[in-house]
Each structure stands twice: as C-alpha cells, then as structure tokens.
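Asks: kindly generate the corresponding structure for this input.
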Amino acid sequence: MFDVNSIPMSERVHITKNLLRYGINIDQVTGKIDYIEGTTVPELKCASIHLIRHAETLAVAKHEFMSDTSDNCGFTEKGIEITKKQAQELDAYDFDVALYGPIPRVVHTKEIIMSYPQKFEAFKVHKLHGIDNTGWEYKSFEDLCNTPLFIVREIENNMFARTPNGTSWGTVIANCVDVIDLINEKYAGKKVLLLSQGSVLRAMQILLRK
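Replies: Model prediction:
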C-alpha cells in the first residue's frame, strides 16, 4: 500500500501551504482536496493566461505514460505540424510574453513556436513543470490500473502520491501557485502565454476554479 509519509516533509508543507492560499484544504491522511467555502481566491493581476501544451508525443499517441526524458517523449509528425500551425496563429492573440517549462519536450515546443516571427519574448520558468511519471514510462492505463500506487494517485486523487522518482499532483499544483505569484509580480496587466504540459493546465483550472 502507498505510504503517504514517504513524500519529504518539506514538499508536503509546501503543497499544503500553497493550496491553502487558494482555499483548498488537503486531508493529511488521504491526501484528498476540498475547496474551503467562502474563501476568496487571490487576485490574478495579468490580463489573461493561455496555455499551449507541448506537441503531441509518441506516448500520447500510444496512450502511454512518460517521464521527463523517456524515449516515448519524441514528437509525432502530426504533433509538429499542429504546433507549427499554432505558431503562425499567435499574432491574433497579441501576447506580451511567453513563459515555458524546463523539460525537453516543452523546450522543443518553444523552439518550434519561436522559429516563427513572434511579437513576444519567451522565458524559462523552472516551476512551470507538470507531472513527472518516472517509473511508469511506456506503461498504459491497463498495465497499471490494478496497482496500489496507481489507484491511490489516479483514482483516489491523493495529492501526495507519486512514483518513486517522479512528482505528485500536489507538487504540480503548489508550483503553479508560485508561477502565478511570478506572473502577478512581473506581468501585471499583460497577456501571458504558457508553454507546458497538460497537467499544468489542470492544476491552473483547479486553483482558479475554471
């Protein structure tokens, strides 16, 4: 069975404190989250946030899990073409700045987008980092659906559960709080484009109740 205490205490505290700022309580035993009624969500000071996920990978096409660096992170031809098309359409959104995550497939997506003339600059943000599934590379939902860790993390939504060398959902969401702090500090009133992973989009939706 998954031991919720296996996550480092410093990470657990970071997750718990950051989510509380957004009116989200974590049960310290089950790792489940609940919105605290009546909580005012901190102000989002930028004009807007949009997110482009990295180009489609072999793992996505095969419905497999991937880590930050596994071989199935390579892009499909379809993924590259869609990203090129998106890159040519960004003028219409009039973004002021793009922030991108640190992992190779996100950096590569940024390079594709910035190979076309853009009005904005792009800056790497280390905490714009989605979930890392190291230990589950090349596995499918069917391969893992009966394993205790998968059930605890994916079915029971334990924010502290993670693969042995990967990250937890709680860490992804807590890091997104830090990203929002950065946006509020540096890009108030700006239109912000994020280049990252699908789990970052989900984390932002949870924080901002979208």
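
Asks: just give me the longest helix of this protein.
Replies: helix 169-186 (DSSP state H).

Asks: okay, stretch 63-82 in CSV with CA atoms only?
Replies: The C-alpha trace of stretch 63-82 is given here as CSV (Å, rounded to 0.1, in the frame of the first residue of the first chain):
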residue,chain,number,x,y,z
HIS,A,63,-1.9,6.3,-24.6
GLU,A,64,1.3,5.6,-22.6
PHE,A,65,2.8,7.3,-19.6
MET,A,66,6.1,9.1,-20.0
SER,A,67,8.7,10.6,-17.8
ASP,A,68,10.5,13.9,-18.4
THR,A,69,13.2,12.2,-20.6
SER,A,70,11.8,8.8,-21.7
ASP,A,71,12.2,7.9,-25.4
ASN,A,72,8.5,8.0,-26.0
CYS,A,73,8.6,11.8,-25.4
GLY,A,74,9.6,12.3,-29.1
PHE,A,75,7.1,14.2,-31.2
THR,A,76,4.8,12.7,-33.8
GLU,A,77,4.7,14.3,-37.2
LYS,A,78,1.1,15.3,-36.5
GLY,A,79,2.2,17.0,-33.3
ILE,A,80,4.9,19.0,-35.0
GLU,A,81,2.5,20.2,-37.8
ILE,A,82,-0.1,21.3,-35.3
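
Asks: tell me which residues in it are buried?
Replies: 64-68, 70, 72-73, 75-76, 79 (16 or more other CB atoms under 10 Å). All C-beta atoms are positioned from the backbone trio N, CA, C, and that covers glycine.

Asks: what does that stretch contact?
Replies: Residues outside stretch 63-82 that contact it (CB atoms under 8 Å, 6 or more residues apart in numbering): 55-62, 83, 103-105, 108, 112, 132-141, 144, 166.

Asks: what about these, which are in helices?
Replies: 58-62, 83, 104-105, 108, 112, 141, 144.

Asks: could you export those residues as TSV, including distance to I183, pLDDT and neighbour count?
Replies: Below are the ones in helices among the contacts of stretch 63-82 laid out as TSV (distance: CB to CB, whole Å; pLDDT from 0 to 100; neighbours: other CB atoms under 10 Å):
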residue	distance to I183	pLDDT	neighbour count
L58	32	97	17
A59	29	96	23
V60	27	94	18
A61	32	95	13
K62	34	95	13
T83	23	97	23
P104	24	97	13
R105	22	97	24
H108	23	98	17
I112	23	98	18
F141	33	94	11
L144	34	96	16
